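Trainee: the sequence isn't on hand, but the structure is:
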C-alpha cells in the first residue's frame, strides 16, 4: 500500500513538471516584446481630436496627406534656390482643391501670404495639376478667389479683385492669365453662386508649413 502511494505521488509530480515545461516552451516561442493581437487598440488616421481641430476649416482646404507632397515640391523644386533665405513666416501656405476642368481630378491652388510673396498689388499663388505640375503662377493677385459656374474652353472662369474692379480670368485651354493687372475689368461683381476661396471669414483655410 505504501509502495502504491509513493508511485502515485511520483506520477503526479512528473505530469506537473511536463505541463510546466510545455508552458515555458510556448512562451519562449513568442518574440520578445510581442503583443497579443486581441489587446491591440485599433488606430485611425482621422481621430476625433483631428476631426474636431479641422472642423473650423472648409473641407477642400484640408488634406494632410497631400500637404507632404506639396511641401516637398515647394522645398525641393519650385523654391529650391530660395528656400535657404526664407524666414519661418515665409514657409507657410494654404491649399484649396477643386476640379476646374471636370476631368474628375482636383487641381490645387497654393496660396502664399507672407511679405516675401506679396507686394502692394497682391500676392503670388500657384495652380497645380493633380500630380503637382504647374498650370499657372498668378502674380499680384488678391484673395479671395471667386470660382464661377461659368465654363470657357473647358475650365471654370475665376473672378479676382483688382483695384476697385473685378477681372475675369479665362483659361485658354492650358493656363489662366497670370497677371490680373493686364486683364480688362468686368462690369459686374461675384454672385452668391460662386465658390469662395481663401477668405478668412467665409471660407477659412488651414495653414500649413513647408
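Mentor: Yep, it's here. Fair warning: this is a prediction, and the values are worked out from it, not measured in the lab. Residues are numbered from 1 along each chain as shown.

Trainee: do a quick rundown of the helices in this protein.
Mentor: With DSSP state H, the ranges of helices along the chain come out as 2-29, 48-54, 64-73.

Trainee: least confident of those, on average?
Mentor: Across these, helix 2-29 has the smallest mean pLDDT, namely a mean of 41.

Trainee: where along this structure do the strands fall?
Mentor: 92-98, 107-111, 123-128, 134-141, 145-152, 155-162, 165-169, 185-186, 195-197, 207-209 (DSSP state E).

Trainee: average pLDDT across the fourth one?
Mentor: The predicted model gives strand 134-141 an average pLDDT of 98.

Trainee: show me what that strand is packed up against.
Mentor: strand 123-128 (3 or more C-beta pairs under 8 Å, 6 or more residues apart in numbering; DSSP states H and E). Where you see a C-beta, it was placed from the backbone N, CA and C, and this is true even at glycine.

Trainee: now for the strand it packs on, which elements pack on it?
Mentor: Secondary-structure packing of strand 123-128 (3+ C-beta pairs under 8 Å, 6+ apart): strand 107-111, strand 134-141.

Trainee: comparing the ones you listed, which stretch has the densest surroundings?
Mentor: Of all those, strand 107-111 carries the top mean neighbour count, a mean of 23, counting by mean count of other C-beta atoms under 10 Å.

Trainee: most centrally placed residue in this protein?
Mentor: When C-alpha atoms, centre = their mean is applied to the chain, the residue found nearest the centroid is residue 63 (2.4 Å).

Trainee: distance of it from residue 69?
Mentor: The gap separating residue 63 from residue 69 is 10 Å, by C-beta to C-beta, to the nearest Å.

Trainee: kindly report the same for residue 163.
Mentor: Residue 163 sits 36 Å away from residue 69, going by C-beta to C-beta.

Trainee: neighbour count winner among the two?
Mentor: Neighbour count, other C-beta atoms under 10 Å: between residue 163 and residue 69, residue 69 has more, with 14 against 11.

Trainee: quick check: end-to-end length of stretch 191-206?
Mentor: With C-alpha to C-alpha, to the nearest Å applied, stretch 191-206 spans 24 Å between its terminal residues.

Trainee: and that stretch, what's its mean pLDDT?
Mentor: According to the model, stretch 191-206 has a mean pLDDT of 96.

Trainee: and that stretch, what's buried?
Mentor: By neighbour count on 16 or more other C-beta atoms under 10 Å, the buried set for stretch 191-206 is 194-198, 203, 205-206.

Trainee: with stretch 115-133 instead?
Mentor: For stretch 115-133, the buried set under the neighbour-count rule, 16+ other C-beta under 10 Å, comprises 116-117, 122-128, 132.
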